[in-house]
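1. Based on what follows, work out the 3D shape:
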Amino acid sequence: MNGRNARIDLFLAESGWAGAERRHLAADASFRRYERVSHQGRQAVLMDAPPPHEDVRPFLAVTAILRGLGLSAPAVLARDVELGTLLLEDLGDDTFTKLLARGEAEEPLYALAIDLLAELHRRFVPSAEAAPPVYDEERLLAEALLLPDWFLPAVTGRETAPEIRESYAEAWRRVLPAAAGAPATLVLRDYHVDNLLRLDGRTGVAACGLLDFQDAVIGPSSYDVVSLLEDARRDVGDALASAMIERYLRYFPELGREAFLESYAVLGAQRAAKIAGIFTRLDRRDGKKQYLPHIARVWRLLDRGLCHPILAPVATWMETHVPPGLRRSPPPLETA
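-> Okay, the predicted model is just below:
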């Protein structure tokens, strides 16, 4: 790590930030980490995304798309793609999560986030030159399979039998086509209050800063609405969620309401199943047990979503193979 730090110091020096103070800012569930760098009254954010585990090129491509639409993704001040380092505009610390914790009203913040999605979905036009991968049924199914592959063994103490795994996959194959009931657009994937900031001095949707969008794909427009309103880390009240869905739909009067809501339900359940698997994998494989307590909330979201008639095949599988007593956070690996 010391050798990498020396290379990062050289990158900063070559970018006009020689001798900058570096302070840890954040890490996430990947291999990326972030530092705030300060030099002669300036501040910026260093993204350290070491290859081969990470690749900064998707982040750069999506940044260009978002900034081209006038949205507040951080400007890229310097880059070294081979090293996996970016120096980014510092958008500050006022994430929606922190603002809400300080007692700010929910509705204006969530309304701003919905308005930004509507603006993005109205204006985004796919480009062959910078096309993110497609969020197709195969990819959605692979993500949903993280539940039998990681979560289910953690709570049962045994590997999932191949025939049980296949019956789960078949249930999802029956419902995933409904996800296409919402039109395809740019999906940021991790669109929730941890990754949104309020920016003073900017107006309209530009007042909403964007973080952590390097995994963007082309997929159903309902996905990021679900990501925002069915948050794995924060409870969102039913009344607020319903109001925000209606706010979004008002921007698109031509959109088939029932088809959109079916897409929302399917992707909400798919996302919850995926997250239950991911949070378990982070503990079992990566030793990051801090995500496990959120799985109880994820199951509450999934249980509610499975009540939608479109999800009957998946709900039936869950009743058989994941009875209510197993719908919980698994113990951390060291105490299992």
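2. What are the buried residues along stretch 193-209?
-> Buried positions in stretch 193-209, judged by neighbour count with 16 or more other C-beta atoms under 10 Å: V193, D194, N195, L196, L197, R198, V205, A207, C208, G209. The way it works is simple: take the backbone N, C-alpha and C, and place the C-beta from them, glycine included.
3. just stretch 257-275 next, same as before
-> Going by 16+ other C-beta under 10 Å, stretch 257-275 has these buried residues: 260-275.
4. Among the residues you listed, which ones are in helices?
-> Taking DSSP state H as the definition of helices, the buried residues of stretch 257-275 contribute 260-275.
5. Look at the residue lying closest to L261 once chain neighbours are set aside and report its pLDDT.
-> Nearest residue to L261, sequence neighbours excluded (C-beta to C-beta, 6 or more residues apart in numbering): I245, at 7.8 Å. Looking at I245, its pLDDT reads 98.
6. quick one on the thing from earlier: out of the buried residues of stretch 193-209, flag the one nearest to S329.
-> Using C-beta to C-beta, D194 is the member of the buried residues of stretch 193-209 that sits closest to S329, with 19.3 Å.
7. who's in contact with that closest one?
-> T95, F96, T97, L211, D212, R233 (C-beta atoms under 8 Å, 6 or more residues apart in numbering).
8. Out of those, which end up buried?
-> Using 16+ other C-beta under 10 Å, the buried ones in the contacts of D194 are T95, F96, T97, L211, D212.
9. wait, what's in contact with L99?
-> With C-beta under 8 Å, 6+ apart, L99 has these contacts: L109, R198.
10. in what helix or strand does it lie?
-> helix 96-101 (DSSP states H and E).
11. Without its sequence neighbours, what residue ends up closest to the residue positioned nearest the centre of the chain?
-> For the chain, D190 is the residue whose C-alpha lies nearest the centre (C-alpha atoms, centre = their mean; 1.5 Å). Of all residues not flanking D190 in the chain, D212 sits nearest, at 4.9 Å (C-beta to C-beta, 6+ apart).
12. How much space separates the one you found from G16?
-> D212 sits 26 Å away from G16, going by C-beta to C-beta, to the nearest Å.
13. Any regions of the stretch 51-200 of the chain where pLDDT drops low?
-> Confidence mapping of the stretch 51-200 of the chain against pLDDT under 70 gives the ranges 128-130.
14. all helices of it, in order?
-> Secondary structure of the stretch 51-200 of the chain (DSSP state H, counting those that start in this stretch): helices located at 57-68, 96-101, 106-123, 137-144, 146, 152-156, 162-175.
15. Nearest to L87, out of those?
-> Per C-beta to C-beta, nearest to L87 of these: helix 57-68, 12.2 Å.
16. Would you mind getting the angle between the closest one and helix 106-123?
-> Going by axes from the mean of the first three to the mean of the last three C-alpha atoms, to 10 degrees, helix 57-68 is angled at 90 degrees with respect to helix 106-123.
17. buried stuff in helix 57-68?
-> P58, F59, A61, V62, T63, I65, L66.
18. Just list what it packs against, helices and strands only.
-> Under the contact definition 3 or more C-beta pairs under 8 Å, 6 or more residues apart in numbering; DSSP states H and E, helix 57-68 sits against strand 76-80.
19. ok, the strand it packs on: who's next to it in the sheet?
-> strand 85-89 (antiparallel) (DSSP bridges).
20. now what about the strand it pairs with, what contacts it?
-> 8, 11-12, 15, 17, 37, 44-49, 56, 59-60, 74-80.
21. Only the buried subset of the residues you listed, as a PyMOL command please.
-> Remark: buried members of the contacts of strand 85-89, expressed as a PyMOL selection using 16+ other C-beta under 10 Å:
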select buried, resi 8+11+12+15+17+37+44+45+46+47+48+49+56+59+74+76+77+78+79+80
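22. D94 and L197 touch, don't they?
-> Yes - counting by C-beta atoms under 8 Å, L197 is a contact partner of D94 at 5.3 Å.
23. Name all residues that make contact with V205.
-> Counted by C-beta under 8 Å, 6+ apart, V205 has contacts L71, L112, D115, L116, E119.
24. just checking, it is part of a helix?
-> Yes - under DSSP: H, G, I helix; E, B strand; the rest coil, V205 falls within a helix.
25. shared neighbours of D94 and L197, which are they?
-> Counting by C-beta under 8 Å, 6+ apart, nothing touches both D94 and L197.
26. circling back to that earlier point, out of the contacts of D194, name the two that are farthest from one another.
-> L211 and R233 (14.4 Å).
27. Identify the bridge partners of R79.
-> Here R79, judged by DSSP bridges, has bridge partners L86.
28. what's near enough to touch it?
-> Here R79 is in contact with V56, L60, T85, L86, L87 (criterion: C-beta under 8 Å, 6+ apart).
29. Save those as CSV, and put in distance to P220 too.
-> Below are these laid out as CSV (distance: C-beta to C-beta, whole Å):
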residue, distance to P220
V56, 26
L60, 25
T85, 33
L86, 29
L87, 34
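30. If we only consider those residues, which is nearest to R32?
-> Nearest to R32 among the contacts of R79, counting by C-beta to C-beta, is V56 at 9.1 Å.
31. Roughly how far does that closest one sit from Y110?
-> Taking C-beta to C-beta, one finds V56 at 30 Å from Y110.
32. Just the terminal-to-terminal distance for stretch 322-330.
-> Taking C-alpha to C-alpha, to the nearest Å, the first and last residues of stretch 322-330 lie 13 Å apart.
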